[in-house]
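Visitor: Requesting a structural model of the entry that follows:
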Amino acid sequence: MSMVPARENTTVITNHFAITRPPQATFHLYQGAYIGSDYDTLPDPPRSRNGSPDKKRAFIIMDQVQSEHVRQFTPNGMFDGAQQLYSLRKDLANTYTTAIGHSQYQVELRLIDSLPPDKLRQSKSRLLNVLQMIVKQAPQRRHLVTRGNSFYKVTNPEESKLPGGLVHLHGWFQSVRPAINKLLVNVNISNAVAYRHGPLIDLGIEFFMGMGKKVPDIRDLQRISEVDAQKLTRYVTNVKVTVNVAGVKKPKAIKKVVLRAGKFEFDKDGQLTTVAQHLWSKYNQTTRFPDLFGVRLGNSKDGPVYPAEFCDVVPGQFFRKQLSPDQQAEFIRRAARNPSTQLRDIIDAIAGVPGKQVFDYADSAYLKDVGMTISTTPMSLQGSIIKPPPIHFGSTGEVTPAQGRWNVTGAKLQLPAAPIKSRWALVNFDPTSSPRDMSKFVERLVTNLQKRGIDIVKIEPMLGNSTDVETSLRMAAQRFARPGPAPDQPLFPIFFLIVLPSSAATVKQQVKHFLTVTRSIPTQCIRGGKWNSRKNMSSDNALDQYCNNLALKINVKLGGVNSTVPLLNKYLINTMVVGCDVSHPAPGERGKPSIASLVASVNETASYYTSQVSLQEPRVEIISNLDKMLQVAINDYRQFVTKGDNRPFALNHVIVFRDGVSEGEHQQVQEQEVQMIDKLLMDFSKTFKQPRVALTYLIVTKRHHVRFFPQHILNAASTSGNQAANENCGAGLVIDDNIVQNKNHDFFLLSHQGLIGTSRPAHYFVLRNDMNASISALENVAYYLCHVYASATRSVSIPAPVYYADLACANANYHFNKAEADRLQEASTVNSDHAEPFDLRLWQNAFTRAGDATRRSLYFI
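Guide: The predicted structure is shown next:
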């Protein structure tokens, strides 16, 4: 891995700001104990009723203490939300009393350490913790909604609404990061999703409208069914509301949605009474809509019930469940900002005019008190741009990407799949589709497949029955069968093209499970509204582009190769490239397993892959049986190289790209996953009497806030109101100095040309490098692998094996027997209040593993 092709040097702007002067003051560290009617006397933060630290309550208590004892707490101390307070004063050891609502609290502060600047710098983790608290002080005092290191502004819900009763929150992110011989502050725009605040009735209307129900006003909302109420309950459980009734002030969490809440009866002083009667007799409040739904509040199953008309959703409550496709699309539209706008918003938050500032680096009293200064100018960085690798097709030769993309029009595929001819099936589950549009589409698809080198002929579709998918597919297999060598040996279809309605997740799940998983038949699904969109049906060029993309997917599912990157051959001799990922249940889902995947190349051009998926305990990031999965991949590699016989083969090097691991988990990955692979490779070398197999292990992540901007947009970004074009840095940009934490051990690579918003680079961490490859060589391999993603004609944002591992995880849901998986999911939801142990075996029994023919193809594309 020593060949390094020419690069172009470049200068970019990054959203990092240098700490030009670290704190000069001495900090005194206090430990706090809380004494109150609800809490024990312990050196812990207050706890919520479920036992978790209640940092919000702790902040409120400590803020109240500091505001009521101004003379002692000038300047204000910095509280970490748990049990530690840093102050410039050495005389705060005392017990302080305060009241919040009806609760009395005492906070006992005990001095445990004094930290002059030289002592503070001795502990990197403590220094970063103190710096993080210092830079948080200004935004915390602006009463913004806070989550971690992000701060959000709440606006009118009508101006920021998303479908289904949600809103988009615009905010800012700020984090102190260590770099080589310096400390930096990373500042970025942050976006989040929250429940629509304001009247609970409005959230209910928006929720049901998002489901496609016609509930435009409160009258329709009074007629929702029990099933609808259960759906709304799952959506809003634990959402906090205030009740507009005298004497009920503290926000309370929703436990359950109750139909016809005004007429709901309960025992009051030995007599049945309705909620409406109770509100009138006790609070003189009239219930205008007694048939409207309401909510049961609090943690008790017998908590009070209030009609929705009296409830307001508290602002700034983050939505933690999975977004629907419509919600996701609207969120992306609202969150996307072109680079100049993004950079201008960041600069405004740091050093803008009053009203736009959030962090106040130039004028912050907190920074001045501790003698610390932060630059208000974003850093300039020296980087390089890797030249794009030529893409090799069939007889038409090579194409060099321009701006991260290339054109396959007129190009023959590198290796077209074996002839299909008429041995394929076309099943249409969308009865609303036009036969004329279908005929046009099939003709164009067949023509494009033929142009790419695939031998196929046009056939007529069969209409499927969405209510009995499996029977329809069995009938299609018989109908599209061709005469075989004997009357009792028909040739069944080797490929299925399935036309789905515009909304048909259940049908797709049944199709994929039956054909791809249990029958190992390559299947391509297309969705109504996509293949027959107005654009495709009115423009031959648009339809050809759509069909070309389908052709790329179909070819690799049938064992073909679309294109290769010859430059990879020089790096991947006797080398397997592996992508690994773990996907976890969607936020809010309980009792479902996490899914681990491993995808590995089996040839020197990284064009053929083998894959596996495995179930493991929920929300466990470490791949529990990584060694077993890699062993299967090595066996597949051996079979591919030797063509199934026992001739000698060589495996000298394994490169692993691991996705989805946070920086805090690196050590755990090093100690567990890397060690598992180490032992496996050692055993392999002994078994096959080969030299020790070298391991290169990289973590790749996109969950970070680092951004890069072309230098020329800085002036545009600094000028208020100037709307520059959406100009991102070019594909191939590499930054491996100045802002990295360890030279030669981590780098940033922007491998794709952004289409919407500001592009996010991938961040790579090198945990193992047995080959002692240069950082430039590793950057090249990563970048070239971003050009071998089979269904794209542009470079992608992460190496193809990692992308494939992510897709394999997503497709794993098709491996489940849906009825059994739904039953297990329902059981876990019903028992969510009881801490029953998770039984992985039950889910494994409902999971069908793909056959060898399937998992040795890119079936998940």
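
Visitor: Can you find the helix or strand of this structure with the lowest average pLDDT?
Guide: strand 39-42 (a mean of 41; mean pLDDT, DSSP states H and E).

Visitor: In stretch 385-399, which of the residues would be classed as buried?
Guide: Residues of stretch 385-399 classed as buried: 385-394, 399 (neighbour count, 16 or more other C-beta atoms under 10 Å). In this view, the C-beta of every residue, glycine as well, is placed from N, C-alpha and C.

Visitor: how about TSV for the residues you listed, with secondary structure and pLDDT added?
Guide: What follows is these, written out as TSV (DSSP: H, G, I helix; E, B strand; the rest coil; pLDDT from 0 to 100):
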residue	secondary structure	pLDDT
Ile385	strand	97
Ile386	strand	97
Lys387	coil	96
Pro388	coil	96
Pro389	coil	96
Pro390	coil	95
Ile391	strand	95
His392	strand	95
Phe393	coil	93
Gly394	coil	86
Val399	strand	91
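
Visitor: export the residues you listed to JSON lines and tack on distance to Gln844?
Guide: JSON lines is the format used below for these (distance: C-beta to C-beta, whole Å):
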{"residue": "Ile385", "distance to Gln844": "47"}
{"residue": "Ile386", "distance to Gln844": "43"}
{"residue": "Lys387", "distance to Gln844": "47"}
{"residue": "Pro388", "distance to Gln844": "44"}
{"residue": "Pro389", "distance to Gln844": "41"}
{"residue": "Pro390", "distance to Gln844": "45"}
{"residue": "Ile391", "distance to Gln844": "41"}
{"residue": "His392", "distance to Gln844": "42"}
{"residue": "Phe393", "distance to Gln844": "42"}
{"residue": "Gly394", "distance to Gln844": "43"}
{"residue": "Val399", "distance to Gln844": "45"}
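
Visitor: remind me which residues of the stretch 601-750 of the chain are low pLDDT?
Guide: Within the stretch 601-750 of the chain, the ranges that satisfy pLDDT under 70 run 716-726.

Visitor: For it, which segments are assigned as helices?
Guide: 626-642, 666-687, 714-718 (DSSP state H, counting those that start in this stretch).

Visitor: Need those in TSV (columns: distance to Arg590 and mean neighbour count).
Guide: Converted to TSV, these look like this (distance: least, C-beta to C-beta, whole Å; neighbours: other C-beta atoms under 10 Å):
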stretch	distance to Arg590	mean neighbour count
helix 626-642	25	18
helix 666-687	24	15
helix 714-718	44	18
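
Visitor: Looking at those helices, which is nearest to Lys240?
Guide: Distance to Lys240, taken as C-beta to C-beta, is lowest for helix 666-687 among the helices of the stretch 601-750 of the chain, at 34.3 Å.

Visitor: Around Leu162, how many other residues sit close by?
Guide: Look at Leu162: counted by other C-beta atoms under 10 Å, it has 25 neighbours.

Visitor: Check the gap between it and Phe709 for me.
Guide: 28 Å (C-beta to C-beta, to the nearest Å).

Visitor: quick one: which two of the buried residues of stretch 385-399 are the most distant?
Guide: Applying C-beta to C-beta across those, the maximum distance is between Ile385 and Gly394, 29.2 Å.

Visitor: Centre of the chain to stretch 421-440, how far?
Guide: Offset of stretch 421-440 from its chain centre (C-alpha atoms, centre = their mean, to the nearest Å): 35 Å.

Visitor: what about it, start to end distance?
Guide: The straight-line separation of the ends of stretch 421-440 (C-alpha to C-alpha, to the nearest Å) is 19 Å.

Visitor: what's in contact with that stretch?
Guide: For stretch 421-440, contacts defined as C-beta atoms under 8 Å, 6 or more residues apart in numbering pick out 442, 455-457, 459-466, 469, 472-473, 476-477, 479-480, 482, 491-502, 504, 507, 528, 532, 537, 543.

Visitor: redo that, cut-off 7 Å
Guide: For stretch 421-440, the surrounding residues in contact (C-beta atoms under 7 Å, 6 or more residues apart in numbering) are 442, 455-457, 459, 461-464, 466, 472-473, 476-477, 480, 482, 491, 493-501, 504, 507, 528, 532, 537.

Visitor: And for stretch 209-227?
Guide: Under C-beta under 7 Å, 6+ apart, the answer for stretch 209-227 is 163-165, 201, 204-205, 208, 259, 289, 291-293.

Visitor: In JSON lines: the residues you listed, plus secondary structure, neighbour count and distance to Ser364.
Guide: Putting the contacts of stretch 209-227 into JSON lines (DSSP: H, G, I helix; E, B strand; the rest coil; neighbours: other C-beta atoms under 10 Å; distance: C-beta to C-beta, whole Å) gives the following:
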{"residue": "Pro163", "secondary structure": "coil", "neighbour count": "19", "distance to Ser364": "39"}
{"residue": "Gly164", "secondary structure": "coil", "neighbour count": "21", "distance to Ser364": "39"}
{"residue": "Gly165", "secondary structure": "coil", "neighbour count": "26", "distance to Ser364": "37"}
{"residue": "Ile201", "secondary structure": "helix", "neighbour count": "20", "distance to Ser364": "42"}
{"residue": "Gly204", "secondary structure": "helix", "neighbour count": "26", "distance to Ser364": "43"}
{"residue": "Ile205", "secondary structure": "helix", "neighbour count": "20", "distance to Ser364": "43"}
{"residue": "Phe208", "secondary structure": "helix", "neighbour count": "21", "distance to Ser364": "46"}
{"residue": "Leu259", "secondary structure": "coil", "neighbour count": "17", "distance to Ser364": "52"}
{"residue": "Phe289", "secondary structure": "coil", "neighbour count": "19", "distance to Ser364": "49"}
{"residue": "Asp291", "secondary structure": "coil", "neighbour count": "16", "distance to Ser364": "54"}
{"residue": "Leu292", "secondary structure": "coil", "neighbour count": "24", "distance to Ser364": "48"}
{"residue": "Phe293", "secondary structure": "coil", "neighbour count": "24", "distance to Ser364": "47"}
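
Visitor: Return the member of the residues you listed nearest to Gln612.
Guide: Nearest member of the contacts of stretch 209-227 to Gln612, counting by C-beta to C-beta, is Gly164, at 35.7 Å.

Visitor: Helix or strand for the spatially closest residue to Phe709 that is not a sequence neighbour, just tell me which one.
Guide: What sits nearest to Phe709 in space, not counting adjacent residues and going by C-beta to C-beta, 6 or more residues apart in numbering, is Ile13, at 4.3 Å. Element membership of Ile13 [criterion: DSSP states H and E] is strand 7-14.

Visitor: what comes up buried for that strand?
Guide: 7, 10, 12-14.

Visitor: re earlier: in the contacts of stretch 209-227, find the pair that's most separated.
Guide: Pro163 and Asp291 (25.9 Å).

Visitor: what about dumping the CA coordinates of stretch 138-149 to CSV?
Guide: The C-alpha coordinates for stretch 138-149 follow below in CSV (Å, rounded to 0.1, in the frame of the first residue of the first chain):
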residue,chain,number,x,y,z
ALA,A,138,-23.8,32.1,27.7
PRO,A,139,-26.3,29.9,25.8
GLN,A,140,-27.7,28.3,29.0
ARG,A,141,-28.6,31.8,30.2
ARG,A,142,-30.6,32.5,27.1
HIS,A,143,-33.4,30.1,28.1
LEU,A,144,-32.9,28.0,25.0
VAL,A,145,-34.0,24.4,24.8
THR,A,146,-30.9,22.3,25.6
ARG,A,147,-29.9,18.8,24.6
GLY,A,148,-26.3,17.8,25.2
ASN,A,149,-24.1,20.4,23.5
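
Visitor: Return the distance of it from the chain's centre.
Guide: Using C-alpha atoms, centre = their mean, the offset of stretch 138-149 from its chain centre is 23 Å.

Visitor: Going by neighbour count, list what's buried in it.
Guide: Neighbour count says stretch 138-149 has 138-140, 144-146, 149 buried, by 16+ other C-beta under 10 Å.

Visitor: cool, and stretch 694-708?
Guide: Those would be 694-701, 704-708, for stretch 694-708 by 16+ other C-beta under 10 Å.
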